[in-house]
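Visitor: With the input below, show me the fold.
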Amino acid sequence: MAIHPCFTTLERSRAAWREGRTREALALAEAAWIETREIAGAPPQAGVVLAWYGWLLGVVGGDRERGLALVREAIERTFWEPRVFEYAARLMLAIGDRRGALDAVEQGLRLARGDRELTALRQQLGVRRPPPIPFLDRSHPLNRRLGLWLAQSGRR
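Guide: Coordinates of the predicted model:
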């Protein structure tokens, strides 16, 4: 079975990104996305191309809404690929949706427990400690004050 051309273009886009050529990376990602639609034989794994393009479109292209829509579509199409969740999490983090980013990372790690990129991203996001009074909401005034006091006193 021949490799679909979109994957070659995807790798060229990733290389451009690593080398700091962000606009070129975005243009190549768009070309790869177009190849998945116009060249017959794109396998289901081509959803990774869609996620990569969505991430770059949101971060480099400035079209966060469309980028997020593309990443979400990629998740629906290619829900078994950890890279799709990584790109979704990175875009959500870039737009300030920490909770969404954490959810995407956790969902990806449920599929691929040992994935290096998702694990590193999970560590970067950090882990919140449970609230001091677990049966109350985290935002409850008692939990907030007690949590601050415990943190300041060094007991957390």
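
Visitor: Sort out which residues of stretch 123-136 are buried, please.
Guide: Judged by neighbour count using 16 or more other CB atoms under 10 Å, the buried positions of stretch 123-136 are 125, 131-132. (C-beta placed from N, C-alpha, C; glycine too.)

Visitor: got a list of contacts for that stretch?
Guide: Stretch 123-136 is touched from outside by 93, 98, 101-102, 105, 137-138, 140, 142-143, 146-147, 150, 156, with contacts defined as CB atoms under 8 Å, 6 or more residues apart in numbering.

Visitor: who wins for neighbours among these?
Guide: Of all the contacts of stretch 123-136, the highest neighbour tally under other CB atoms under 10 Å goes to residue 105, namely 28 neighbours.

Visitor: Let me know the helix or strand that that residue is in.
Guide: With the criterion set as DSSP states H and E, the secondary-structure element containing residue 105 is helix 98-111.

Visitor: Enumerate the positions of that helix that are buried.
Guide: If you call a residue buried by 16+ other CB under 10 Å, then helix 98-111 has these buried ones: 100-102, 104-105, 107-109.
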